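Enquirer: quick one: sequence plus predicted model below, questions after.
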Amino acid sequence: MTAPASQRLSSSTLAGLPGTVLRPAYDRDATRIGIVHLGVGAFHRAHQAVYVEDLLALDARWAICGVSLNSRDVREALQPQEGLYTLALLGETTQMRVIGSVREVLAAREQGDAVLARLSHPDVRLVTLTITEKGYCLKGEHLDLAHADIVRDLTTPRSPVSAVGYLVEGLRRRRDAGLPPYTVLSCDNLPDNGGKLRRAVLQFAERIDEELALWIAGHATFPRSMVDSITPATDDALRERVAQALGCADAWPVQRERYTQWVVEDAFCNGRPPLDRVGVTFSDEIAGYDKAKLRLLNAPHSALAYLGSLMNVETVAQAMATPVLASFVERLMRDSIAPNVAAPRGFDAQRYAGAILERFRNPAIQHRLLQIAWDGSQKIPVRLLGTITDALAAGRPIDRLCLPVAGWMQFVRRQANAGVALVDPLNDALVSVGAATTGYADADVRAFLSLESVFAPLSGDARFVAALRSAYAVLGDASPDAVEQALADA
């Protein structure tokens, strides 16, 4: 028997869900909140909260209190559902799973006292964050002391609004109550995320209480982490699919690909949840995992974005269904990138490449190439030029690696000549260079290499300049036929 579609997902409707829908495999009433998560958005609920869902079947002490720092939308959607929501796992078939690990949702702007009470509760031993880089209020590597939220919180630290302010006030309350600190775990994709967050917290604490800063520095820990899973935004089409599958309404389901990865530095100060038993990798080589992802996942993504766009392909899955593109990107990954990845211990670059290729082929993920193409001037240096630098230092060939870089240049040229603005912080400079190109490799490559923020110091390496010029020339007029031939020969 299925629940009528007019009903809302809740504990009372769980038993009536179809047998094909997975549901919590533990007694929710027996769980205790041991994690506070700041930034309870779609990615958290599709990623970390799912690992915790599996964890609760093993250890009931790690349920989640989700905190929305700026909005009440998630609370309004999930509170009537007692925190329950649906995860749609996308693949050849879609698996629906009801997640119950989020036991409480708070809107900090209206429930600041409740957030601080939860942070200072003895059961809470871990605070996690997905607040995007902007939420850390950083300026470079340090806290932006001129940021409006930080200025406010330094004035009234007992009633914070920023993530850093909440962390520090929660830690202060724990110290004053004789409680150990919580571990603070950033799950945002920024380099050295734990290190950046630790510096920001200590810098804030030093401004209000030097002894508190010393206590935090000596007792609290801020592990680094790396997360990965493609999580398309929730839309009305997903809500309708979920309602059809469950027989009841879910105000805010989430969706993601089946692949997921979470790597965490093993540096916990107040008990470590046994996340390794549910698929999390504990490692002290987070930077190595970050670099492997950047080079073996993000770089091929960019290659498909620029070369595929020149061939008038719209999505990653469509690109992988185009034999010449799929074959090229596999050779790029396995033969040109993998040998230049200094892999962490136990990391198999070829196996990882195979998993990424399978993810790229997922027809249920409509990842648009033009969106991946955004911000190319910022992505090309870290995704491709670093690998080229390492390959040159090792005496390895770089011709194939230069082809997606030349593809980006041809893409910029095409967009500029068509009068289409680029989504890129260097839009004006790129449009100027792109509009002035002539189609002759020597002059065009020289013009692009003048963009020092992108190409320096490689722009002074004769080997790179020659290989890039050759790659640009082989793309010809960058028509679909020319690009296809260049890829077939690469």
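Expert: Cool, got the structure.
Enquirer: give me the neighbour count for residue 93.
Expert: Neighbours of residue 93 under the rule other Cβ atoms under 10 Å: 7. (C-beta placed from N, C-alpha, C; glycine too.)
Enquirer: grab the nearest non-local neighbour of the spatially most central residue of the chain.
Expert: Geometric centre of the chain, nearest residue: residue 189, 4.8 Å, by Cα atoms, centre = their mean. Nearest residue to residue 189, sequence neighbours excluded (Cβ to Cβ, 6 or more residues apart in numbering): residue 227, at 6.5 Å.
Enquirer: quick one: end-to-end distance for stretch 421-434.
Expert: Using Cα to Cα, to the nearest Å, one end of stretch 421-434 lies 11 Å from the other.
Enquirer: should've said stretch 135-155
Expert: Across stretch 135-155, the terminal residues are separated by 19 Å (Cα to Cα).
Enquirer: and the closest residue to residue 353 other than its chain neighbours, what does it touch?
Expert: Closest residue to residue 353 apart from its sequence neighbours, by Cβ to Cβ, 6+ apart: residue 333 at 4.4 Å. Contact analysis of residue 333 by Cβ atoms under 8 Å, 6 or more residues apart in numbering lists 296, 300, 353, 356, 357.
Enquirer: now which of the residues you listed would you call buried?
Expert: Buried members of the contacts of residue 333, counted by 16 or more other Cβ atoms under 10 Å: 296, 300, 353, 356, 357.
Enquirer: now the end-to-end length of stretch 128-141.
Expert: Distance between the two ends of stretch 128-141: 20 Å, counting by Cα to Cα.
Enquirer: identify the residues contacting that stretch?
Expert: Residues outside stretch 128-141 that contact it (Cβ under 8 Å, 6+ apart): 35-39, 41, 43-44, 48, 69, 143-147, 149-150, 162-164, 184-188, 190, 196-197, 199-200.
Enquirer: now, those residues that are in strands?
Expert: 35, 36, 37, 38, 143, 184, 185, 186 (DSSP state E).
Enquirer: for residue 239, state which of these is nearest.
Expert: Within those, proximity to residue 239 (Cβ to Cβ) peaks at residue 37, which comes in at 23.0 Å.
Enquirer: isn't the closest one right up against residue 64?
Expert: Yes: between residue 37 and residue 64 there is a contact at 5.4 Å, judged by Cβ atoms under 8 Å.
Enquirer: what sits in contact with each of the two?
Expert: Shared contacts of residue 37 and residue 64 (Cβ under 8 Å, 6+ apart): residue 49.
Enquirer: next structured bit after the helix or strand residue 327 falls within?
Expert: In this assignment (DSSP states H and E), residue 327 forms part of helix 323-331. Using DSSP H and E, the helix or strand that follows helix 323-331 in sequence is helix 349-360.
Enquirer: so which elements touch that next one?
Expert: Applying 3 or more Cβ pairs under 8 Å, 6 or more residues apart in numbering; DSSP states H and E, one finds that helix 349-360 makes contact with helix 299-310, helix 316-320, helix 323-331.
Enquirer: first to last residue in stretch 362-371, what's the distance?
Expert: End-to-end for stretch 362-371, by Cα to Cα: 17 Å.
Enquirer: on the three-state scheme, the nearest residue to residue 302 once chain neighbours are set aside is what?
Expert: Nearest residue to residue 302, sequence neighbours excluded (Cβ to Cβ, 6+ apart): residue 383, at 5.2 Å. Look at residue 383: counting by DSSP: H, G, I helix; E, B strand; the rest coil, its state is helix.
Enquirer: in terms of pLDDT, where does residue 383 sit?
Expert: At residue 383, the pLDDT value in this model is 96.
Enquirer: number of residues surrounding it?
Expert: Neighbourhood size, residue 383 [other Cβ under 10 Å]: 22.
Enquirer: go on, residue 266?
Expert: By other Cβ under 10 Å, 12 other residues sit near residue 266.
Enquirer: so what's the residue count around residue 206?
Expert: The tally of other residues near residue 206 (other Cβ under 10 Å) stands at 16.
Enquirer: that one against residue 216, yeah?
Expert: No: using Cβ under 8 Å, residue 206 is not in contact with residue 216; the gap is 9.5 Å.
Enquirer: beta partners for residue 33?
Expert: Taking DSSP bridges as the rule, residue 33 bridges to residue 63.
Enquirer: now do it, the pLDDT please.
Expert: 98.
Enquirer: so it touches residue 66, yeah?
Expert: No: the criterion here is Cβ under 8 Å, and residue 33 misses it with residue 66 at 10.0 Å.
Enquirer: quick one, which of these two is more surrounded?
Expert: residue 66 (26 against 17).
Enquirer: for the more buried one, which residues are in contact?
Expert: Residue 66 makes contacts with 37, 40, 44, 45, 49, 74, 78, 83, 102, 104, 105, 106, as judged by Cβ under 8 Å, 6+ apart.
Enquirer: try residue 250
Expert: Counting by Cβ under 8 Å, 6+ apart, residue 250 touches 8, 9, 81, 85, 86, 239, 242, 243.
Enquirer: and the residues you listed, which are buried?
Expert: Judged by 16+ other Cβ under 10 Å, buried ones among these: 9, 81, 85, 86, 239, 242, 243.
Enquirer: nearest to residue 284 among those residues?
Expert: Nearest to residue 284 among these is residue 85, at 33.8 Å by Cβ to Cβ.
Enquirer: where along the protein do the strands fall?
Expert: Assigned by DSSP E, the chain shows strands spanning 33-38, 63-68, 85-90, 95-99, 102-107, 126-129, 138-139, 142-143, 183-186, 225-228, 254-257, 261-264, 281-282.
Enquirer: tell me the domain boundaries of this structure?
Expert: 11-284, 287-489 (automatic domain parsing).
Enquirer: the residue nearest to residue 146 when sequence neighbours are not counted: neighbouring residues, count only.
Expert: Leaving aside its sequence neighbours, residue 146 sits nearest to residue 139 (Cβ to Cβ, 6+ apart; 7.6 Å). Look at residue 139: counted by other Cβ under 10 Å, it has 13 neighbours.
Enquirer: list the contacts of the nearest residue to residue 14 once chain neighbours are set aside.
Expert: Nearest non-adjacent residue to residue 14, counting by Cβ to Cβ, 6+ apart: residue 23, 5.5 Å away. By Cβ under 8 Å, 6+ apart, the contact set of residue 23 is 14, 17, 97, 98, 100.
Enquirer: let me know the closest of those residues to residue 177.
Expert: Of all these, residue 177 sits closest to residue 100, with 29.7 Å by Cβ to Cβ.
Enquirer: for the residue nearest to the closest one when sequence neighbours are not counted, grab phi and psi.
Expert: Nearest residue to residue 100 in three dimensions, chain neighbours excluded: residue 24, at 3.8 Å (Cβ to Cβ, 6+ apart). When quoted as degrees, to the nearest 10, the phi and psi of residue 24 stand at phi -50, psi 130.
Enquirer: pretty sure residue 24 is touching residue 52, no?
Expert: No: here residue 24 does not reach residue 52: they are 11.2 Å apart, not a contact under Cβ under 8 Å.
Enquirer: tell me which of the two has more neighbours.
Expert: Using other Cβ under 10 Å as the criterion, residue 24 and residue 52 rank with residue 52 on top: 27 against 18.
Enquirer: tell me the contacts of residue 430?
Expert: Residues near residue 430 by Cβ under 8 Å, 6+ apart: 377, 412, 416, 422, 424, 451.
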